Structure formats: C-alpha cells, structure tokens
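A.B. asks: sequence first, predicted coordinates after that:
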Amino acid sequence: MADDIWPVVHAERRALADDLTSLPPERWAEPSLCGGWSVQDVLAHMTATATMTPPRFVAKMAGAGFRFPQMADKEIARVGAGGPAGTLQQFRAAETSTSSPPGPKPSWLGETLVHAEDIRRPLGIPHDYPRDAVTRVLDFYAGSNMLIGGKKRIDGVTLQATDADWSHGSGPAVEGPAMSLLMVTAGRRAHLADLTGPGVDQLRTRLG
C-alpha cells in the first residue's frame, strides 16, 4: 500500500462510526477485547489518540507521572464524560485528523485496525478490513517488540494468511485470515478460534 496511511485510517474510522451509530445504549458498556476497557472506553481511547500531538502527549504523560495506563485512563474519562453519544460525536469529529502521538506510521494504522476489531468482535459486527493495510501492520508487528510485543509472541511459528499472499516466520504452521493473525499477534486470544495448524497451541500458551 502507499506510504500515506491516512486515507485508510480515515476510511476505517468512518466505517467504525457508521457501524456504531445505531448501537443500543446498553451495548456500549460491554467488554471489548482490550482488557479492562468497555466498547465506549476503546472508542474514547481511539478519539484521544486521533487528536493527540507529540508535545501534548509528552505533557500528558508528565502529568500522569510518565505512567501510560494512568494517562490513557484519564483521557478515556475526559473523552467519555458525555456518554456514548458524546464519545461517538467526538470520534466522528476526529475522523480526518492526521494527528498522533510520537511513533512510526504503521503503529497508528495498527491502532485503528486492532482497536476497531476490539470493538466489533464482541459486538458481533463483521467488517472486511483492507488486506494490504492488515498485512502492512502484520509486517510491522512481526518485526518489532515495540508497543505490543508482537515479534516475541509469534517467534518460532510460521504465520500463513489464507486470504492474502502473506506469510512470516519458521516453525509449526498457523493458518487463518490475515486479520485474525494480526489480532493474535497483537495479543487477542479470541481470534485463536479462527486459526488452524500445529502452531496454534504454542500461541495459545503465550496468550494465557
């Protein structure tokens, strides 16, 4: 895919907002796949990230004693104070933003794809993610332990996408949709159910 991630990020934000427009109020409190966060919490986090700048990120980290979980929780509380409708409104307002905390571009593409699926999977909302974007993030996560520890998590197995021309690694095979491989690489246990092959049990032990 092109080096510019933003058209894909913007399209995926818009698609997620559209999916959530008619979500019943009680479902916003359901647990997402992101541990300890509800569906609304994840959308609030995505909104905060979409409106962040490097200087603002440093200032907010300093205000949280350089503890990222505490900073993230503060931002979720701030964005989510207006309830689900207010959170969704702010997310839509940030749809075309190109701001982000400091970090490599693929990490913000991954932020959008993974957190969107963190929301959709438990809600039972299907979505056809762009495969070139998914495999770009897979390449990034598989080659680095920065942020999510993906490289260590999938070490010693061969990941093989069944819906894209993509594979990585060596060892016992793990086969399945590229998006499910991405979610497992990002540490999401739910997507193990989509995968097959002798390497799946090895990944299962690492995901707890």
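C.D. replies: Arrived safely, thanks for sending.
A.B. asks: got the contact list for Ile125?
C.D. replies: 19, 119 (CB atoms under 8 Å, 6 or more residues apart in numbering). Backbone N, C-alpha and C define where each C-beta goes, glycine included.
A.B. asks: would you map the helices across the protein?
C.D. replies: 6-20, 39-50, 54-63, 68-79, 83-93, 105-123, 131-142, 150-153, 178-185, 200-207 (DSSP state H).
A.B. asks: winner for burial among those helices?
C.D. replies: helix 178-185 (a mean of 26; mean count of other CB atoms under 10 Å).
A.B. asks: in the protein, which residue is most central in space?
C.D. replies: The centre of the chain sits closest to Val114, judged by CA atoms, centre = their mean, with a distance of 2.0 Å.
A.B. asks: got the domain ranges for the protein?
C.D. replies: Using automatic domain parsing, the domain ranges for the chain come out as 6-123, 131-207.
A.B. asks: turn those into JSON lines, including mean pLDDT.
C.D. replies: Compiled in JSON lines, these are given as follows (pLDDT from 0 to 100):
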{"stretch": "domain 6-123", "mean pLDDT": "95"}
{"stretch": "domain 131-207", "mean pLDDT": "96"}
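A.B. asks: surely the residue nearest to the centre of the chain touches Thr185?
C.D. replies: No. Val114 is beyond contact range of Thr185, at 9.3 Å (criterion: CB atoms under 8 Å).
A.B. asks: before we move on, the earlier item: which residues touch the residue nearest to the centre of the chain?
C.D. replies: Contacts of Val114 (CB under 8 Å, 6+ apart): 137, 182-183, 186, 188.
A.B. asks: quick check, nearest of these to Arg153?
C.D. replies: Checking the contacts of Val114 against Arg153 by CB to CB gives Ala186 as the nearest, at 8.4 Å.
A.B. asks: ok so, going back, so for Thr162, which of the helices of the chain sits nearest?
C.D. replies: helix 178-185 (8.1 Å).
A.B. asks: tell me what the closest one is packed against?
C.D. replies: If you count contacts as 3 or more CB pairs under 8 Å, 6 or more residues apart in numbering; DSSP states H and E, helix 178-185 packs onto helix 105-123, helix 131-142, helix 150-153, strand 158-161.
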